[in-house]
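> no FASTA, just this:
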Ligand code: ADP
Ligand code: MG
């Protein structure tokens, strides 16, 4: 293909029907700036025009159907919040009711304009009559183009702004209809013909055409499958080639010996017996860092499974081999806690451990940076401040990233560039990640799993309570406190309404103060608007058991370790995501005492909200919770993954396409095993496509 002009990269303005004005709207609203972008702007659904139902043939649970008829008796009913618009829809075989709760004014206006409609929706039986709420209304006079089959009409997502600029779904469909005949025969195949044939895939150019204007429903399904395949397959090819480069091509620091620091600590200072899983993971990591290649490893383990001590051992290994290491956490509080714990544990060994964050004072920072540069500092712990460009190490051998959701492939790449030989990288997750997601988000990493909890942990008892149970709850908290235990009470924080949340928290504070009066009880409070010093003061007070109840917004979500705390009360629990709830629950149950997680919610819950709370009550297993979360919400909503471009699939869906993810990964692995450089003639198309993809994503330029 080299040298050929790629028609798919043609600016969208050149397409018939677009021009500069619409071009700008397409760019701004939909990120469509080339032919390719429009080609991959897939419809979210099709109207099956091959089947128009008769009203008398409607059956229960028949799903979405299409009807053709006229509208009459348009009526506005109810008052204010209960307002709705109804109409009667009639064909030659009967009638059904249409209902709208939203956009009433707009629908009313629209209904006056036309006579005959095709409507699309899901009929349900209500008081013995068929009823369709918020049907899609289509003007049947609407002819798109004679050039493409019109049995399935594509529907595209659009926006209010774009609609105002005449770019509604219909208009986009028309543009696609203009595009297809122009590019159809120029769409290059991305896979070897043999592969397309052997895997029974639809050829790519047919897939692009059929995803917009399918010839029939079977062709639509095949088109979708092919396009999903491409997305997932090339994602895996990308990740696995990257992994290949790291593990086989990129030289890494050699931690060849297990020396005095490691052994001394292991023999004399580990405060507990390591679990078998911890021992195994340490071995896996040792094998990596002793291989001469760069390590890129993901450490998965449930909350409380003991990831920190593993980090510590590997840092000692680095020291034994004259390397510096750093450990990075996402929040100031968590970083501080790591720093305190680790410097305490390592105190007898005489290492220099330092802390760096955005709040580190200039004088201290200067001194610290000097120590890093001349090699006096062995271990640096802190926040994202660690990877800023002015932080220069003498001999950085290892980077550990804790509680990692927020750190994408691209940021990892930035770490490589910190020195000529990239440091070993160990990424530790806060809560488990579902397999599909891990294969994608961290598909360039090797994975270690701690699948065993330290002995003697009692499973946390989780209960879901309502406001009416509050008195009983307070009684229970008093008993726990009387027994010497401590309590967390957490309030949700939603960024858009920080003020409101603070009000919630303050109101809760007053109520708690009322029921738990001083001096019998000491209550602490922590929230995002406090200075780091004040926050720290309150946290320390709680950690030292000088306060028995700690109220907070989610700032304590990650990390904080107070083994004497046995109760985690979560207010408005329905407003938290599952992994967040699980992470919060993990703040208790860290000592030997029976611990409790109390989920408070209002009585009326959305079905999803209720499912989430039920899941929390039914299991303590973070891996189970993670899978459930993915199924419930889809990957886009999983906490912390939003910023990661890795999950920007146009058609694949990680919550549904689990098998295809695993399958394409295996396939990609097999191809790279036999032809790591993709230099064979057979794999030429794959190599070219991959190169094109990399070119588009500048952060992948290490591969070329
Ligand atoms: P996480 O995996 O959530 O980061 P931590 O490393 O913070 O977990 O460990 C949780 C708690 O368990 C800490 O108080 C830690 O000291 C303790 N711990 C870790 N490993 C063991 C073990 N093998 N036996 C007993 N306690 C352990
Ligand atoms: Mg941890």
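Yep, it's here. These numbers come from a predicted model, not from an experiment. Numbers count the residues shown, from 1 in each chain. Ligands and ions are numbered 1, 2, ... in the order given.
> For residue 447, which non-adjacent residue is closest in space?
residue 298 (4.9 Å; Cβ to Cβ, 6 or more residues apart in numbering). Backbone N, C-alpha and C define where each C-beta goes, glycine included.
> per-residue pLDDT, the one you found?
With respect to pLDDT, residue 298 scores 91.
> just residue 646 next, same as before
So, for residue 646, pLDDT stands at 62.
> Just want the residue of this protein that's nearest ligand 1.
Nearest residue of the chain to ligand 1: residue 306, at 2.8 Å (Cβ to the nearest ligand atom).
> Helix or strand for that residue, just tell me which one.
Residue 306 belongs to no helix or strand when assigned by DSSP states H and E.
> contacting residues for it?
Contacts for residue 306 (Cβ atoms under 8 Å, 6 or more residues apart in numbering) come out as 274-275, 278, 450, 454.
> Columns neighbour count, pLDDT and distance to ligand 1 on top of the residues you listed, output as JSON lines?
Formatted as JSON lines, these follow (neighbours: other Cβ atoms under 10 Å; pLDDT from 0 to 100; distance: Cβ to the nearest ligand atom, whole Å):
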{"residue": "274", "neighbour count": "17", "pLDDT": "96", "distance to ligand 1": "5"}
{"residue": "275", "neighbour count": "18", "pLDDT": "96", "distance to ligand 1": "5"}
{"residue": "278", "neighbour count": "22", "pLDDT": "97", "distance to ligand 1": "6"}
{"residue": "450", "neighbour count": "22", "pLDDT": "94", "distance to ligand 1": "7"}
{"residue": "454", "neighbour count": "17", "pLDDT": "89", "distance to ligand 1": "3"}
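> Check whether whichever strand or helix holds residue 583 comes near ligand 1.
Per DSSP H and E: residue 583 is located in helix 578-585. No - remark: helix 578-585 sits outside contact range of ligand 1, by Cβ under 6 Å from any ligand atom, the gap being at least 8.9 Å.
> Look through this protein and tell me its longest strand.
Counting by DSSP state E, the longest strand found in the chain is strand 65-77.
> Could I get the average pLDDT for stretch 11-31?
The model assigns stretch 11-31 a mean pLDDT of 95.
> Can you give me the buried ones in that stretch?
12-13, 15, 18, 22-23, 25-27, 29-30 (16 or more other Cβ atoms under 10 Å).
> follow-up on the earlier one: report the distance from the helix holding residue 583 to the chain centre.
15 Å (Cα atoms, centre = their mean, to the nearest Å).
> so what secondary structure elements neighbour it?
Helices and strands in packing contact with helix 578-585 are listed as strand 565-570, strand 596-601, helix 607-618, helix 622-633; criterion 3 or more Cβ pairs under 8 Å, 6 or more residues apart in numbering; DSSP states H and E.
> Figure out which of the ones you listed is closest to residue 102.
When those are compared by Cβ to Cβ, helix 607-618 sits nearest residue 102, at 19.5 Å.
> For the closest one, give me every contacting residue.
With Cβ under 8 Å, 6+ apart as the test, helix 607-618 has contacts from 462-464, 573-574, 576-578, 581-582, 585, 597, 599, 601, 605, 624-625, 628, 632-633.
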